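Chemist: need a structure here:
(2 chains)
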There are 2 protein chains.
Amino acid sequence: MRVRASAPSQAFLLGEHAVLYGSPALALSVDKRSHVEASPLPEGEIMIESELGVYKEGSSYNEDLVKLAEGVKELFNKYGIRSGVHLRIRSEVPASSGMASSASVAAAISKSIDALFNLGMSESELLDAVYTFERIIHGRASKTGPACAVLGGVIWVEWSDGEMRATSLGHREVPVAIACTGEPSRTKEMVERVSKLREAFPEVHEGIVRTISDLVFKGREALESGDFRTLGSLMNINQGLLYSLGVSSFAIERIIWEARMKGALGAKLSGAGGGGCVVILHEAPEEVASNLTSASISFPARVSRRGVVLEP
Amino acid sequence: MRVRASAPSQAFLLGEHAVLYGSPALALSVDKRSHVEASPLPEGEIMIESELGVYKEGSSYNEDLVKLAEGVKELFNKYGIRSGVHLRIRSEVPASSGMASSASVAAAISKSIDALFNLGMSESELLDAVYTFERIIHGRASKTGPACAVLGGVIWVEWSDGEMRATSLGHREVPVAIACTGEPSRTKEMVERVSKLREAFPEVHEGIVRTISDLVFKGREALESGDFRTLGSLMNINQGLLYSLGVSSFAIERIIWEARMKGALGAKLSGAGGGGCVVILHEAPEEVASNLTSASISFPARVSRRGVVLEP
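Modeler: Residues are numbered from 1 along each chain as shown, chains lettered A, B, ... in the order given. Model prediction:
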């Protein structure tokens, strides 16, 4: 028996980093997907194949695959699964790009395990499972990537009673392109850098986070009313605030300023920064994506109607 | 009879733009000076010579020189001077660079007129005179440029009772270099852009200004205790906040990121932005100034001990 699942990835419109300190966030579920095929193995055996290599209990392995295996074991523990599993991963999502490729893969893994072992996981259980993977992989993580991967559509993340909660605002066309620097987004390092800034200059950090929080609320309004010009302005302001948190880079800035020169309504890093991709709001996303000379790869990003799903 | 005066220019360490909305600011008086030679002419005759051309009442003239002439007339009116004046200007300060070349020229003009006509102007009267020139030239202006030009040393600008007040904290060595984009700093346009941002997103603007205000206070402490590492971090944060206000440019960013790659403790635009110069805090300012490939000109900037002075 074998099952297959796929999950979309993420583009962060507004609020990354600040979302770890109480700000809301706004993101898009993007139809670059990760695909996982799962089949059972005898108890105690976990095998993972991806373009990173092959993970097999007790044999040589890749560090990222070890963390995925750790996540699988947690899931097995939680649901009392007494079996092994063979997972084959194929992802269209550039790794370490700020597009939440790990959450996308984790969602497809969780959904395929859910189906394979008839766990009957609810949406919120799937979200929890992916969030658990994310914390194993990144340390401190937001729920934005998991929500993009599981729910699909436009994603709104907000805090309530000290808890981060992610919901889908449903599907909506947003004309964005994604352009990658070719340098990895250094999530853990960037999250730590922002945390150190907070220690060194607490009021400054707090002021930046509060300002980002304000603009994310405004960005949601602009998105919902289709006012892309305002949304773009807010993305540009947000980029400055991310820059002030220390998570931009010259490779990121080169793409951003080129995109602005080419008519972008807004352009900013997407995700943790330090590398990774830039999200560009542009009336002609196909055109701008094919004309950027400073990006290693770039493509228009369709908002995904579907979150994680089983594939035939 | 003829008198000669010279005045230094400015490097903005922290707080530009925000200073127009209640934030304090920290700047350096820089020993790139403007020189003015003044001699009397018959009543009603004003003649100004500079590298921009020659201004003569009723003949063809340069727009910038017209505004200087307007400033001279205001000064004559205020002090009841019934004479004309011939001014020869020679400035070492790159124009439209964010280095307050206009304030530097205005200070040297005011001081030379003060001496030529025995007005006995106090320091605060000189500051007022230069500020008047600045408002004629730039519209909305800060008192930072006038204070750098008149007082010398490290300049602190703060608001009290709804009034901007500038004082000199005295001389102090600060290892900075200045690197110019080769594009003019568009003061009026950038000031208007920030003002429009305030109209569109008042809370966001207020949040940015408040955060800049916080970091300027911290920057003064760091400067006074010689903690250049902290001062540099604050300059980098301030650059992000200026960026979020919409006043950076790709030419500015190119220099900033190159300077950081070359070991800058901090690098940010200086002045209004949109072009102009970058101020770089670096342990070896001579070295970094001579190694920047992305700047049109760059030089180490000595903090000026003297403000505006009469020359022999």
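Chemist: What parts of the stretch 51-200 of chain A come near chain B?
Modeler: A:197, A:200 (C-beta under 8 Å from any C-beta of the partner chain). (Each C-beta comes from the backbone N, C-alpha and C, glycine too.)
Chemist: Got the phi and psi for residue A:174?
Modeler: phi -130, psi 120 (degrees, to the nearest 10).
Chemist: residue boundaries of the strands in the stretch 1-150 of chain A?
Modeler: A:3-14, A:25-41, A:46-50, A:53-56, A:84-91 (DSSP state E, counting those that start in this stretch).
Chemist: if you compare the ones you listed, which one is most tucked away?
Modeler: strand A:3-14 (a mean of 28; mean count of other C-beta atoms under 10 Å in any protein chain shown).
Chemist: Domains in chain A, by residue range?
Modeler: A:3-172, A:176-301 (automatic domain parsing).
Chemist: doesn't residue A:137 make contact with residue A:188?
Modeler: No: in this structure, residue A:188 is not within contact of residue A:137 by C-beta atoms under 8 Å, at 9.1 Å.
Chemist: For those two, indicate the residue with more neighbours.
Modeler: residue A:137 (20 against 14; other C-beta atoms under 10 Å in any protein chain shown).
Chemist: Report the separation between the more buried one and residue A:106.
Modeler: 8 Å (C-beta to C-beta, to the nearest Å).
Chemist: Pull up the overlap in contacts between these two.
Modeler: Shared contacts of residue A:137 and residue A:106, defined by C-beta atoms under 8 Å, 6 or more residues apart in numbering or on different chains, are found at A:68, A:71.
Chemist: who wins for proximity to residue B:237 among the domains of chain A?
Modeler: Of all the domains of chain A, domain A:176-301 sits nearest to residue B:237, with 4.7 Å by C-beta to C-beta.
Chemist: Helices along chain A, start to end?
Modeler: A:63-79, A:101-116, A:123-138, A:144-151, A:187-200, A:202-224, A:228-244, A:250-261, A:285-291 (DSSP state H).
Chemist: related to what we said a few turns ago, how about the strands of the stretch 1-150 of chain A in TSV, adding mean pLDDT and distance to residue A:244?
Modeler: Listed next are the strands of the stretch 1-150 of chain A as TSV, based on pLDDT from 0 to 100; distance: least, C-beta to C-beta, whole Å:
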stretch	mean pLDDT	distance to residue A:244
strand A:3-14	98	15
strand A:25-41	97	18
strand A:46-50	95	36
strand A:53-56	92	39
strand A:84-91	97	33
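Chemist: Tell me where the model's unsure across chain A.
Modeler: Applying pLDDT under 70 to chain A flags residues A:60.
Chemist: if you skip the residues just before and after it, what's nearest to the residue positioned nearest the centre of it?
Modeler: By C-alpha atoms, centre = their mean, chain A has its centre lying nearest to residue A:100, at 2.6 Å. Nearest non-adjacent residue to residue A:100, counting by C-beta to C-beta, 6 or more residues apart in numbering or on different chains: residue A:145, 3.2 Å away.
Chemist: likewise residue A:123?
Modeler: residue A:150 (6.5 Å).
Chemist: from what I can see that neighbour touches residue A:306, true?
Modeler: No: the pair residue A:150 / residue A:306 is not scored as a contact, 10.4 Å apart, by C-beta under 8 Å.
Chemist: Now the helices of chain A in a markdown table, please, with extra columns for distance to residue B:28.
Modeler: Converted to a markdown table, the helices of chain A look like this (distance: least, C-beta to C-beta, whole Å):
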| stretch | distance to residue B:28 |
| --- | --- |
| helix A:63-79 | 48 |
| helix A:101-116 | 46 |
| helix A:123-138 | 42 |
| helix A:144-151 | 42 |
| helix A:187-200 | 23 |
| helix A:202-224 | 22 |
| helix A:228-244 | 22 |
| helix A:250-261 | 26 |
| helix A:285-291 | 41 |
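Chemist: which of the ones you listed is buried the deepest?
Modeler: helix A:144-151 (a mean of 32).
Chemist: just checking, what packs against that helix?
Modeler: Counting contacts by 3 or more C-beta pairs under 8 Å, 6 or more residues apart in numbering or on different chains; DSSP states H and E, helix A:144-151 packs against strand A:3-14, strand A:25-41, helix A:101-116, helix A:123-138, strand A:154-160, strand A:163-168.
Chemist: any residue of the first one up close to chain B?
Modeler: Pointing back at strand A:3-14 there. No: applying C-beta under 8 Å from any C-beta, one finds strand A:3-14 separated from chain B by no less than 11.5 Å.
Chemist: Give me the angle between that strand and helix A:202-224.
Modeler: 110 degrees (axes from the mean of the first three to the mean of the last three C-alpha atoms, to 10 degrees).
Chemist: Pull up the pairing partners for strand A:3-14, direction included.
Modeler: If you go by DSSP bridges, strand A:3-14 pairs up with strand A:25-41 (antiparallel), strand A:309-311 (antiparallel).
Chemist: Check the shortest one too.
Modeler: Partner strands and pairing direction for strand A:163-168 (DSSP bridges) are strand A:154-160 (antiparallel).
Chemist: Would you mark the buried spots in the partner strand?
Modeler: A:154-158 (16 or more other C-beta atoms under 10 Å in any protein chain shown).
Chemist: re the thing from before, pipe the strands paired with strand A:3-14 into TSV and attach distance to residue B:254 per row.
Modeler: Converted to TSV, these look like this (distance: least, C-beta to C-beta, whole Å):
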stretch	distance to residue B:254
strand A:25-41	30
strand A:309-311	45
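Chemist: for the ones you listed, which one sits closest to residue B:219?
Modeler: strand A:25-41 (30.2 Å).
Chemist: tilt between that closest one and strand A:46-50?
Modeler: Going by the same axes, to 10 degrees, strand A:25-41 makes 120 degrees with strand A:46-50.
Chemist: Relative to residue A:160, how far out is the residue nearest to residue A:123?
Modeler: For residue A:150, the distance to residue A:160 - C-beta to C-beta - is 19 Å.
Chemist: Then residue A:193?
Modeler: Residue A:193 is 28 Å from residue A:160, by C-beta to C-beta.
Chemist: same check, this time on residue A:247
Modeler: 26 Å.
Chemist: go on, residue A:233?
Modeler: 28 Å.
Chemist: residues contacting the residue lying farthest from the centre of chain A?
Modeler: Using C-alpha atoms, centre = their mean, the residue of chain A lying farthest from its centre is residue A:42. It sits 32.4 Å away. Going by C-beta under 8 Å, 6+ apart, residue A:42 touches A:83-84.
Chemist: One more: residue A:267?
Modeler: A:235-236, A:239, A:255-256, A:259-260, A:278-281.
Chemist: what does residue A:87 give?
Modeler: Contacts of residue A:87 by C-beta under 8 Å, 6+ apart are A:36-38, A:46-49, A:68, A:72, A:109, A:112.
Chemist: Nearest to chain B among these?
Modeler: Chain B lies nearest to residue A:68 out of these, by C-beta to the nearest C-beta, at 34.8 Å.
Chemist: Residue of the stretch 51-200 of chain A closest to chain B, please.
Modeler: Closest point on the stretch 51-200 of chain A to chain B, by C-beta to the nearest C-beta, is residue A:200, at 7.0 Å.
Chemist: what residues does the stretch 201-312 of chain A put near chain B?
Modeler: Checking the stretch 201-312 of chain A against chain B by C-beta under 8 Å from any C-beta, the hits are A:201, A:203-204, A:207-208, A:210-211, A:214-215, A:218, A:230, A:233-234, A:236-246, A:248-250, A:253-254, A:257, A:261.
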